[in-house]
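[1] need the 3D shape of this:
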Amino acid sequence: MGIWRRVPAGAAALGPLQGTLAFAVGSTLIARALYAAAGAPTLAGAFATAALNTGAAAGPWLGGAALDAGLGGRSPLWAAALLVALALATAALTPARIRTAP
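    Just a heads-up that it's a prediction; the model follows:
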């Protein structure tokens, strides 16, 4: 999105694509949580949904905080990259915890 911000047609095309990918990630996360916690699917679905809602609130808040701090117009993109890096780090640690659970 940062590259296409000055090209209105490009930004308009990437908006729906970003929304589609967000829904795909959410569905995948919930399905994976339900599979990993077959003994408590309701709780797993609730935690997965809470994680999605937390991200949906934290992302815009962090982007706005970066703008308020005067870090420039691209600072929300860096904030988003930080959140993605944190999510990938969490995902990388998750399989080990699932395998070692009793």
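[2] nearest spatial neighbour of residue 52, chain-adjacent residues omitted?
    Of all residues not flanking residue 52 in the chain, residue 26 sits nearest, at 5.1 Å (C-beta to C-beta, 6 or more residues apart in numbering). C-betas here are computed from N, CA, C, even on glycine.
[3] is it true that the one you found touches residue 50?
    No: contact criterion C-beta atoms under 8 Å: residue 26 and residue 50 do not qualify, at 12.0 Å.
[4] and whichever strand or helix holds the residue nearest to residue 52, what does it pack onto?
    According to DSSP states H and E, residue 26 maps onto helix 8-36. Applying 3 or more C-beta pairs under 8 Å, 6 or more residues apart in numbering; DSSP states H and E, we find helix 8-36 packed against helix 41-68.
[5] any idea how far the residue most central in space within the chain is from residue 86?
    What sits nearest the mean C-alpha location of the chain, by C-alpha atoms, centre = their mean, is residue 55, with 5.6 Å. As judged by C-beta to C-beta, to the nearest Å, residue 55 and residue 86 stand 10 Å apart.
[6] helix or strand with the lowest mean pLDDT in this protein?
    Taking mean pLDDT, DSSP states H and E as the measure, the chain has helix 75-100 as its least confident helix or strand, at a mean of 78.
[7] who are the packing partners of that helix?
    Right, helix 75-100 is packed against helix 41-68 by 3+ C-beta pairs under 8 Å, 6+ apart.
[8] circling back: what's around the spatially closest residue to the residue nearest to the centre of the chain that is not a sequence neighbour, how many residues?
    Closest residue to residue 55 apart from its sequence neighbours, by C-beta to C-beta, 6+ apart: residue 83 at 7.0 Å. Residue 83: 15 surrounding residues under other C-beta atoms under 10 Å.
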